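Participant: what shape does this take:
(one chain, ligands or ions: 1)
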Amino acid sequence: MANQFKEKGKIKIAIDVIRTFWEYYLDALYYKRYSMLMNKSPKNYEYQILLRLHGLEKGICMPDSRKFGQEKIEVLIDIMSKAKIIGEVTTGYLMAEGIIREWIELFEKNHWTDDPVYQKVKLNYNEIVSDDAIDSGIIRINKEQILEKVNGNFSDLCYSRHSTRRYSSVPLKNSDIDECISLAKMSPSACNRQMCKIYWIESEQLRSVMESIGLGLSGFSKETANYLVITFDMKAFNYYGERDQGYFNAGLFVMNFTYALHYKGIGSCCLQWGQAHSVEKKIKNILNIPQDEKIAVVLAAGYYDDENIVPLSHRRDNEEILYRR
Ligand SMILES: Cc1cc2nc3c(=O)[nH]c(=O)nc-3n(C[C@H](O)[C@H](O)[C@H](O)COP(=O)(O)O)c2cc1C
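Facilitator: I've put the predicted structure just below:
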């Protein structure tokens, strides 16, 4: 009888393993079908526009004034024209008009008007940019204004947080990071499994490894940035239905952590983590992170500088987010 149970247990494990592979395979097919990777259908214009315009928005924040964005502007205008033909004039579309207006103004301010892409865009300016263009570009925030808001109410806290990419040179205090962890760990997690961990990269040698990985670090003050690697422990998950739980739980955790940092006067920015399995494996070895943890995201962080310039990053209308069924 006992042997029979053992045998049944083994069969169940084998079925679960096969099912897990199958579900990952289906994930891949699903991704191929619906993501931007292959699907350039009209339904995707909004995201293609938002993605391109953000690159330009960030470029405008860069402290050094140099010509940039000619190729991105041309691609953006091309997607916008396709979106317009089918009447997809969404918030993202109007934000893109705003960023084109900013880009043109920047080129004029810097006397780069001999640039052929500038000239082309300028020639068709009235067709590309309408009166409904949404203000884009940058906002300047100083440290005092930020700190005034963070101890107020929740909406002040939310509206005053922006991803910051330049930081003061004051080293992060252990006590501040400790308090932020205490607040971050109050985020919900599936069955309270609390599978997220933070690796604070302190050694100079490892910091330079972080900078060499190819994270989205352009425009950052690398000398003063601190790097916090957020992982989730794969051991926490039970079956195929939980295959995406790690990223979801890490997202909740990182959001709480980011607000906690802001509350302590620490600016931060998530850095996209999109590495191949082989690269991730190598980096985890170097950083001494166990292989059964997955890196969800890296945060760059540091105390707010006295003056900060950040992209305006306008948000879509609520009607574009809430659908009643
Ligand atoms: C998962 C994730 C990855 C991100 N990766 C980067 C990045 O690699 N480089 C960067 O400069 N900003 C990055 N950001 C910051 C976003 O650009 C920023 O959150 C967005 O534009 C909204 O602006 P806000 O955070 O100032 O409100 C990332 C944000 C998230 C949530």
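Participant: what's the helix or strand for the residue of the stretch 201-325 of the chain found nearest the ligand?
Facilitator: The nearest approach of the stretch 201-325 of the chain to the ligand comes at G216, 2.3 Å away (Cβ to the nearest ligand atom). For the C-beta atoms, the positions are set from N, CA and C on the backbone; glycine is no exception. Per DSSP states H and E: G216 is located in neither a helix nor a strand.
Participant: could you do E148 as well?
Facilitator: Element membership for E148, per DSSP H and E: helix 143-150.
Participant: got the buried residues for that helix?
Facilitator: K143, I146, K149, V150 (16 or more other Cβ atoms under 10 Å).
Participant: redo these as CSV? Include pLDDT and distance to I18.
Facilitator: Shown next, in CSV, are the buried residues of helix 143-150 (pLDDT from 0 to 100; distance: Cβ to Cβ, whole Å):
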residue, pLDDT, distance to I18
K143, 92, 55
I146, 90, 52
K149, 88, 52
V150, 87, 50
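Participant: let me know the closest of those to the ligand.
Facilitator: I146 (12.3 Å).
Participant: just checking, the closest one touches D306?
Facilitator: No. Counting by Cβ atoms under 8 Å, I146 stays clear of D306, with 10.1 Å between them.
Participant: residues contacting the residue of the stretch 201-325 of the chain closest to the ligand?
Facilitator: With contact set as Cβ atoms under 8 Å, 6 or more residues apart in numbering, G216 has these partners: L271, Q272.
Participant: and the residue of the stretch 1-150 of the chain nearest the ligand?
Facilitator: For the stretch 1-150 of the chain, Cβ to the nearest ligand atom, closest residue to the ligand: H54, 5.5 Å.
Participant: which of the helices or strands spans that residue?
Facilitator: Counting by DSSP H and E, H54 is part of helix 45-61.
Participant: returning to that earlier point: which strands or helices does the helix holding E148 pack on?
Facilitator: Helix 143-150 makes packing contacts with helix 154-160, helix 245-263, strand 307-311 when contacts are defined by 3 or more Cβ pairs under 8 Å, 6 or more residues apart in numbering; DSSP states H and E.
Participant: can you redo these as CSV with distance to D131, mean neighbour count and mean pLDDT?
Facilitator: Compiled in CSV, the helices and strands packed on helix 143-150 are given as follows (distance: least, Cβ to Cβ, whole Å; neighbours: other Cβ atoms under 10 Å; pLDDT from 0 to 100):
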stretch, distance to D131, mean neighbour count, mean pLDDT
helix 154-160, 26, 12, 95
helix 245-263, 35, 20, 97
strand 307-311, 22, 18, 91
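Participant: can I get the ones you listed in JSON lines with distance to S81?
Facilitator: Putting the helices and strands packed on helix 143-150 into JSON lines (distance: least, Cβ to Cβ, whole Å) gives the following:
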{"stretch": "helix 154-160", "distance to S81": "34"}
{"stretch": "helix 245-263", "distance to S81": "34"}
{"stretch": "strand 307-311", "distance to S81": "24"}
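Participant: out of these, which gets nearest to N44?
Facilitator: helix 245-263 (21.3 Å; Cβ to Cβ).
Participant: can you name the next helix or strand after the closest one?
Facilitator: strand 266-271.
Participant: all strands for the protein, in order.
Facilitator: 138-142, 196-201, 226-233, 266-271, 293-303, 307-311 (DSSP state E).
Participant: buried residues, the first one. List them.
Facilitator: So the one you mean is strand 138-142. I138, I141.
Participant: what sits up against stretch 127-136?
Facilitator: Contacts of stretch 127-136 (Cβ under 8 Å, 6+ apart): 53, 57, 77, 80, 89, 91, 94-102, 104, 121, 311-312, 314.
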